[in-house]
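>>> quick one, structure for this:
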Amino acid sequence: MYKNSEQKNLKNLKYTVMSKLKNKVVVVTGGNSGIGLGIAEALKSEGVVGAIVGRNQETLNNAITLLGDGFIAINADVNKMEDLERVFKETSETFGKVDVIVANAGAGTVGTVATINEAEYDKTMNLNLKSVYFTVQKALPYMNDGGSIILIGSNAAHRAYSSFTLYGAAKAAVIYLAKGFSADLLDRKIRANVITPGTTDTPAFEKFVPVEQLDAVKAHYAALMPTGRIGQPSDVGKTAVFLASNDSAFMLGAELLVDGGMTYLAK
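Prediction:
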């Protein structure tokens with residue numbers, strides 16, 4: 001009898017968790033790989049449907065195969081206003097109003113103040129800051145009141161890493177945007193918060209590190225982490241589930257560090 005009762009309680013608990021986000025509609029920019037895909041997977045597991053956005057059709061196709069029914073892939077460039085407008089129009093036409101925005105698209109830029117030129121500066125700030133601002137702006141006409149905006153920061157905004165000055169500055173501004181957006185949208189009860197990851201195991205490693213050195217580089221970063229491991233996209237995804245749900249309804253303009261303790265505990 002106790003065992004059956006326990007099983008019934010577990011079943012009810014699972015249903016309760018699922019019902020928090022069931023049929024909520026999300027748009028995840030940069031959702032075709034890495035952290036963005038990890039977020040989409042975590043939200044999908046809690047009943048969310050919606051769209052992932054990216055520029056690489058091959059990785060979009062692979063991501064949709066992984067996510068399965070309930071998600072569509074939209075090939076779009078978040079730097080282009082007409083593309084952003086198309087993203088939210090298409091998502092709304094497919095699913096109805098949008099409930100959750102995850103402005104995840106971005107990329108690290110390697111270079112120092114002595115080496116990054118004006119064109120590289122503009123490219124970095126456009127992708128990591130300007131696109132975030134206008135992703136949210138273009139979403140608003142299609143977004144439900146009471147919705148959730150989730151921005152993705154970086155612990156490079158808090159720790160000075162050589163050659164990541166510009167990227168860190170852009171992400172510091174993104175962290176502020178969560179506060180500003182929340183203030184701007186109080187009348188619609190739309191809250192904005194930011195997740196700040198640290199070193200995370202994503203395909204981005206392959207852009208900067210030769211394949212034969214990948215394992216050694218990841219082991220090096222893991223040794224620096226207070227947790228003894230680097231982050232996984234699923235670590236960020238679980239946090240996104242919390243921020244997408246009403247469990248975080250009393251949080252506005254907050255920053256959640258999902259960095260394995262790097263910002264405050266690493267030497």
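>>> what lies in contact with the one helix or strand A119 maps to?
Assigned by DSSP states H and E, A119 belongs to helix 118-125. Residues outside helix 118-125 that contact it (CB atoms under 8 Å, 6 or more residues apart in numbering): T109, G111, I116, L166, Y167, A170. C-betas here are computed from N, CA, C, even on glycine.
>>> now the element after that helix, going C-ward?
Under the assignment DSSP H and E, the closest C-terminal helix or strand after helix 118-125 is helix 131-139.
>>> show me what that next one is packed against.
strand 25-29, helix 81-95, strand 98-103, strand 143-152, helix 165-184 (3 or more CB pairs under 8 Å, 6 or more residues apart in numbering; DSSP states H and E).
>>> so how far is it from its chain's centroid?
With CA atoms, centre = their mean, to the nearest Å as the basis, the distance from the averaged C-alpha position of helix 131-139 to the chain average is 14 Å.
>>> likewise for stretch 239-248?
Using CA atoms, centre = their mean, the offset of stretch 239-248 from its chain centre is 12 Å.
>>> go on, stretch 241-252?
The answer for stretch 241-252 is 15 Å, by CA atoms, centre = their mean.
>>> so can I have CSV of the helices and strands packed on helix 131-139 showing mean neighbour count, mean pLDDT and distance to E255?
Listed next are the helices and strands packed on helix 131-139 as CSV, based on neighbours: other CB atoms under 10 Å; pLDDT from 0 to 100; distance: least, CB to CB, whole Å:
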stretch, mean neighbour count, mean pLDDT, distance to E255
strand 25-29, 27, 98, 19
helix 81-95, 17, 98, 24
strand 98-103, 26, 98, 14
strand 143-152, 22, 98, 9
helix 165-184, 19, 97, 6
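>>> a markdown table for these, including distance to T202?
Supplementary listing: the helices and strands packed on helix 131-139 in a markdown table, determined by distance: least, CB to CB, whole Å:
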| stretch | distance to T202 |
| --- | --- |
| strand 25-29 | 14 |
| helix 81-95 | 22 |
| strand 98-103 | 15 |
| strand 143-152 | 12 |
| helix 165-184 | 15 |
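>>> noted, bye for now.
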